[in-house]
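Engineer: Can you look at this prediction? I've put the sequence above it.
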Amino acid sequence: MNLFVATIQMWILGALLSFSWTAQVSDAPALITTPNSLNHAGLIKLAITPQVAPIYSITKGVIYGVGPNNDLLWYRHDGRTDGSFRWPFSQGKQVGVGWVFKHLFSGGNGIIYGIKENGDLLWYRHEGRADGSFRWPFSEGKTVGIWMGNISACILRW
């Protein structure tokens, strides 16, 4: 199991981090959050296998992950401002299919970038990001470049 300690106003690829939380990610498709300094208690199972694709986020507590069947799943943490255990869709909402990428990361405000195995950098905009609806103006993505580097860690601003 990997242990990640939360940092305020930051999400780090591969682990759900929120203010004053500790997260443990195992090989099983689950993310387990444990209480720290806030009044948080409980368990939420996210149907995401970290080894398949990282968990990543954009603004307003929205978290995306790719499930073992390559579906893009949408989650929203409604308790993000106070650390409470409030997830309206704890099993996630399917908002995409066929998400097979070497790396995924967010540009914020519904913008998602994916790097294919061949290095193609694709751009997506999730117009349903506020409510988890399946709305994409370019469902196949737009190729916006070729990625020649490697991503070992990516810190995203919330």
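Structural biologist: Arrived safely, thanks for sending.
Engineer: For the rest of this, base every contact and every neighbour count on C-alpha atoms.
Structural biologist: OK.
Engineer: which residues of the chain score low on pLDDT?
Structural biologist: 1-59, 149-158 (pLDDT under 70).
Engineer: Kindly recompute the last result at 90.
Structural biologist: Applying pLDDT under 90 to the chain flags residues 1-69, 73-92, 101-115, 117, 119, 121, 138-139, 145-158.
Engineer: all strands of it, in order?
Structural biologist: Here the chain has its strands, by DSSP state E, at 2-5, 10-12, 22-25, 31-34, 56-57, 62-66, 72-76, 93-96, 103-108, 111-115, 120-125, 142-146, 155-157.
Engineer: right, and residue 148 touches residue 118 too?
Structural biologist: No - using CA atoms under 8 Å, residue 148 makes no contact with residue 118, being 9.3 Å away.
Engineer: Now the phi/psi pair for residue 92, please.
Structural biologist: For residue 92, the backbone dihedrals (degrees, to the nearest 10) come out as phi 80, psi 160.
Engineer: give me the number of residues near it?
Structural biologist: When neighbours are defined as other CA atoms under 10 Å, residue 92 has 22 of them.
Engineer: what's the distance between it and residue 112?
Structural biologist: To residue 112, residue 92 is 17 Å away according to CA to CA, to the nearest Å.
Engineer: What of residue 71?
Structural biologist: Distance of residue 71 to residue 112, given as CA to CA: 14 Å.
Engineer: Residue 76 too?
Structural biologist: Separation of residue 76 from residue 112 (CA to CA): 16 Å.
Engineer: what do you get for residue 94?
Structural biologist: 15 Å.
Engineer: And residue 138, by the same measure?
Structural biologist: Computed as CA to CA, the residue 138 to residue 112 distance reads 12 Å.
Engineer: same question, residue 141
Structural biologist: In this view, residue 141 and residue 112 are 9 Å apart by CA to CA.
Engineer: Looking only at neighbour counts, state which of these two leads.
Structural biologist: residue 112 (20 against 16).
Engineer: Give me the contacts around stretch 112-123.
Structural biologist: The contact list for stretch 112-123 (CA atoms under 8 Å, 6 or more residues apart in numbering) reads 100-107, 111, 124-126, 141-148.
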